[in-house]
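**Student:** Fold the following, please.
(one chain, ligands or ions: 3)
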Amino acid sequence: MSHQDTQSILAGKTYFIRTFGCQMNLHDSERVSGLLDSLGCFLAADPADADIVIFMTCCVREAADQRLYGQCSSCKSLPVPPSGKRVIAVGGCIAQRDGERLLSHIDNVDVIFGTQAIAHVDELLAQAFEDDERHIDTAEGDLPAATTLPWHREQPFHAWVPIMTGCNNFCTYCIVPYVRGREKSRPFDAIVDEVAGLVRCGVREVTLLGQNVNSYGRDVHGEPRFAELLRAVGETGIERIRFTSSHPKDLSLQTIETMAEVPAVMPHLQLAVQSGSSRILKLMNRRYSREDYLRLVDAVRERIPGIALTTDIIVGFPGETEEDFEQTLSLAEEVGYAQAFTFIYSRREGTPAAKIEDSTPREVIQERFDRLVKAIEGTAYAFNQHELGQRVPVLVEGASKKDARILQGKSPKNQTVHAPIPEGASLDMYVGHIVDVDVDVARTWYLSGTVAGDPR
Ligand code: SAM
Ligand code: SF4
Ligand code: F3S
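**Tutor:** Ligands and ions are numbered 1, 2, ... in the order given. All right, here's what the predicted structure looks like:
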């Protein structure tokens, strides 16, 4: 189908897009939205008002599959849209993993597009409006094609910037390498030029994205170039740089040094530990020990005092004993995480860990999980206490969900900060700007205080 045909079929159609999973998917959704906007489509706030309903899916844990089937099925009861036909599309990681097999669970899906097919989603949707066939594309695709698509950003002042896709690490519990393919780095200059362009458009903060940003460039140059990239991005004039995720085995001293030296790199590091037990880390194929991880934390803290360390932790990996779990608990307390994303292990068919038998009762795993969550609440609370009495520059994102008169934004350490909008001022004067806040309350998951000075 020609571009012109695609455009004439899709122009004026409304679309709804729901995204699950990680920032990679969030960014892919922004590209799909951007592509559809450029063809004259309009974003709808509700599936009931949409000619096109798109689910961007995640399969990192099991619950997501059932949720997707439920959501697709509930589309059947929606009223027919004004155009007379609703096209349902499933993209992202479940689409990539299952392809045509998805049809055995969902009978009302028209388009299935994999993680490397987002540049063609417009053609697949247009074809689906023209006939009653299923259109499926889960082929390995071209990374640059997707990164040159137009872009519909949720927030004008922040941008997700993928620097690489895929993963080579094959942690034994994880499905991601099977659905996102091997590591592919974007060209260095393309990333730097993109950030420079974003700065010109008024973007204040970028988050560089990859499953393991520390190995950026290895596929092209034979060795990582992440530290160089951070430095070059820092020279574009962007005010805040964040990145995620960092694999501890690849975080180099050069990168730590660069983080310390480049003022725009925020003092926050997401460094997934997964477990505090060296025995479990080995079974997970993480390729570092508890001692290696703690040494790395010391090196980071020595060079960047006060940095916020956050992490991902899995509880209940097959064969995890009480002793292994206690090692995780003690590591979390020793590191003093500012935040942690905690997950109960979810068996993923096709991964090596799925073959490991485990007889640990569900209640025992749940009880360990609850203890870990409590421990993290303690470390997060303690971390935030250091901010009491400090003046913190906050990038304002909007109003607090609970109170429209309260600003909400992020500190350099990625803490959520609240402050009442000053007398006589309005929210619009602050959103997308940086403002100082004098912190006088520090809770587990947020700080609050008073605005000091003007937004900038
Ligand atoms: N590449 C990132 C890293 O290594 O830090 C993580 C990406 S993964 C999408 C996000 C998190 O999901 C992982 O860090 C891990 O804690 C969790 N995860 C992955 N597979 C899982 C599984 N089978 N069960 C439970 N949690 C899992
Ligand atoms: Fe999954 Fe490990 Fe790759 Fe992260 S590094 S995406 S946890 S395989
Ligand atoms: Fe999920 Fe795919 Fe991300 S499996 S966590 S959306 S890479």
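**Student:** Which parts of the chain belong to which domain?
**Tutor:** With domains defined by automatic domain parsing, the chain comprises 3-137, 150-385, 388-452.
**Student:** Out of those domains, flag the one nearest ligand 3.
**Tutor:** Counting by C-beta to the nearest ligand atom, ligand 3 lies closest to domain 3-137 out of the domains of the chain; the figure is 2.7 Å. To be clear about C-beta, it is placed using only N, CA and C from the backbone, and glycine gets the same treatment.
**Student:** re the thing from before, and of the domains of the chain, who's closest to ligand 2?
**Tutor:** Smallest distance to ligand 2 across the domains of the chain (C-beta to the nearest ligand atom): 3.1 Å, for domain 150-385.
**Student:** and the closest one, how far from the chain's centre?
**Tutor:** Computed by C-alpha atoms, centre = their mean, to the nearest Å, the chain-centroid distance of domain 150-385 equals 11 Å.
**Student:** Would you mind measuring the gap between the ends of it?
**Tutor:** End-to-end distance for domain 150-385, by C-alpha to C-alpha, to the nearest Å: 42 Å.
**Student:** for stretch 353-371, how far is the first residue from the last?
**Tutor:** End-to-end distance of stretch 353-371 (C-alpha to C-alpha): 24 Å.
**Student:** average model confidence for that stretch?
**Tutor:** Average pLDDT, stretch 353-371: 95.
**Student:** again, but for stretch 102-117
**Tutor:** 92.
**Student:** what about it, start to end distance?
**Tutor:** End-to-end distance of stretch 102-117: 17 Å, with C-alpha to C-alpha as the criterion.
**Student:** cool, stretch 69-84 as well?
**Tutor:** One end of stretch 69-84 sits 23 Å from the other (C-alpha to C-alpha).
**Student:** And it, what's buried?
**Tutor:** Under the neighbour-count criterion of 16 or more other C-beta atoms under 10 Å, stretch 69-84 has 71-72, 75, 81 buried.
**Student:** what does stretch 304-323 give?
**Tutor:** Buried-residue list, stretch 304-323, by 16+ other C-beta under 10 Å: 304, 307-311, 313-318, 320.
**Student:** circling back: restrict the buried residues of stretch 69-84 to those near ligand 2?
**Tutor:** With C-beta under 6 Å from any ligand atom as the criterion, the buried residues of stretch 69-84 include none near ligand 2.
**Student:** For residue 358, state which of the residues you listed is nearest.
**Tutor:** Nearest to residue 358, judged by C-beta to C-beta, of the buried residues of stretch 69-84 is residue 71 at 30.3 Å.
**Student:** so what's residue 290 closest to, chain neighbours aside?
**Tutor:** residue 278 (4.7 Å; C-beta to C-beta, 6 or more residues apart in numbering).
**Student:** re earlier: which one of the buried residues of stretch 304-323 is nearest residue 426?
**Tutor:** Taking the buried residues of stretch 304-323 together and measuring to residue 426 by C-beta to C-beta, the closest member is residue 308, at 30.6 Å.
**Student:** pretty sure the closest one contacts residue 269?
**Tutor:** Yes: using C-beta atoms under 8 Å, residue 308 is in contact with residue 269, at 7.3 Å.
**Student:** Out of the helices and strands in this protein, which is least certain?
**Tutor:** helix 143-147 (a mean of 56; mean pLDDT, DSSP states H and E).
**Student:** Check which element follows that helix along the chain.
**Tutor:** strand 158-162 (DSSP states H and E).
**Student:** Given the helix or strand just after that following strand, what are its sheet partners and their directions?
**Tutor:** Toward the C-terminus, strand 158-162 is succeeded by strand 164-165 as the next helix or strand (DSSP H and E). Here strand 164-165 has these sheet partners by DSSP bridges: strand 184-185 (antiparallel).
**Student:** Show me the longest helix that occurs in this protein.
**Tutor:** The longest helix of the chain (DSSP state H) is helix 362-385.
**Student:** which parts of the following helix or strand past that one are buried?
**Tutor:** Proceeding N to C from helix 362-385, the next assigned helix or strand is strand 391-399, under DSSP H and E. If you call a residue buried by 16+ other C-beta under 10 Å, then strand 391-399 has these buried ones: 392-397, 399.
**Student:** Could you do stretch 412-430 as well?
**Tutor:** 412-419, 421-422, 429-430.
**Student:** How about stretch 40-56?
**Tutor:** Neighbour-count burial for stretch 40-56, counted by 16+ other C-beta under 10 Å, picks out 41, 44, 47, 49-56.
**Student:** State the pLDDT value of the nearest residue to residue 85 once chain neighbours are set aside.
**Tutor:** Of all residues not flanking residue 85 in the chain, residue 129 sits nearest, at 6.3 Å (C-beta to C-beta, 6+ apart). The pLDDT attached to residue 129 in the predicted structure is 94.
**Student:** burial of residue 129, as a residue count?
**Tutor:** Per other C-beta atoms under 10 Å, the neighbour tally for residue 129 reads 18.
**Student:** Kindly report the same for residue 18.
**Tutor:** 13.
**Student:** Assign a three-state SS to it, would you?
**Tutor:** Under DSSP: H, G, I helix; E, B strand; the rest coil, residue 18 falls in the strand class.
**Student:** Let me know whether it touches residue 71 as I believe.
**Tutor:** Yes: using C-beta under 8 Å, residue 18 is in contact with residue 71, at 7.0 Å.
**Student:** Quick check: neighbours shared by these two?
**Tutor:** residue 55 (C-beta atoms under 8 Å, 6 or more residues apart in numbering).
**Student:** returning to what we had before: and the two most separated of the buried residues of stretch 40-56?
**Tutor:** Most distant of those, by C-beta to C-beta, are 49 and 56, 18.7 Å apart.
**Student:** Show the contacting residues for residue 23.
**Tutor:** Counting by C-beta under 8 Å, 6+ apart, residue 23 has contacts 160, 207, 209, 244.
**Student:** All set now, cheers.
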